[in-house]
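Peer 1: Got a sequence here, can you model it:
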Amino acid sequence: SYQRFANCYRCFYKLQPEMTRSIYDQFISQLQASIKEEIQEVKDEGNLEVLFNSLDKIVEEAKNREEPAWRPSGIPEEDVRSAVVPYLLKHRAYLRRSLREKEEENRKVAEAVLAGRDKIAELQRLIQVRKRAWQ
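Peer 2: Predicted structure coming up:
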């Protein structure tokens with residue numbers, strides 16, 4: 001306030017009260033201009049105008065809603081569940097699909113191994129037959 005300003009500069013105020021008032025007015029106007037400039041810089045740097053506009057849009061959309069907005073229950077496990085459960089279900093489905101694919105792949109490899117063993121057994125049998133025939 002001007003009164004506080006005058007009290008701070010009491011000696012000067014007693015000598016020239018009009019000049020003190022003029023200095024106070026200049027000081028206030030420069031301070032207001034400086035504050036406005038700083039606020040504008042902050043808004044420009046943080047792109048706050050766009051963010052404030054989007055916030056205003058969200059508030060307007062919320063006014064038209066009939067159901068109440070979501071609020072935390074105070075029990076973190078329950079609050080997180082609604083966000084985590086769909087992810088976990090999706091991940092479980094992915095894991096089950098991967099498991100089926102790996103099981104199918106393993107079945108095919110097992111069949112190939114058994115076929116290879118049968119082939120080896122057949123070749124060993126032929127070798128024995130030919131060995132006997134040669135002897």
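
Peer 1: Would you map out the domains in this protein?
Peer 2: Here the domain parsing of the chain from the TED database is 1-63, 99-134.

Peer 1: How far does the shortest one sit from its chain's centre?
Peer 2: Mean-position distance between domain 99-134 and its chain equals 54 Å (Cα atoms, centre = their mean, to the nearest Å).

Peer 1: State the mean pLDDT of it.
Peer 2: The pLDDT scores in domain 99-134 average 95.

Peer 1: Pick out the residue closest to the middle of the protein.
Peer 2: Among the residues of the chain, the one closest to the centroid is Ala83, at 13.0 Å (Cα atoms, centre = their mean).

Peer 1: can you pull the contacts of Ala93?
Peer 2: Shown in contact with Ala93 (Cβ atoms under 8 Å, 6 or more residues apart in numbering): no residues. All C-beta spots, glycine's among them, are computed from the backbone N, C-alpha and C.

Peer 1: Mind telling me what element it is part of?
Peer 2: Element membership for Ala93, per DSSP states H and E: helix 76-134.
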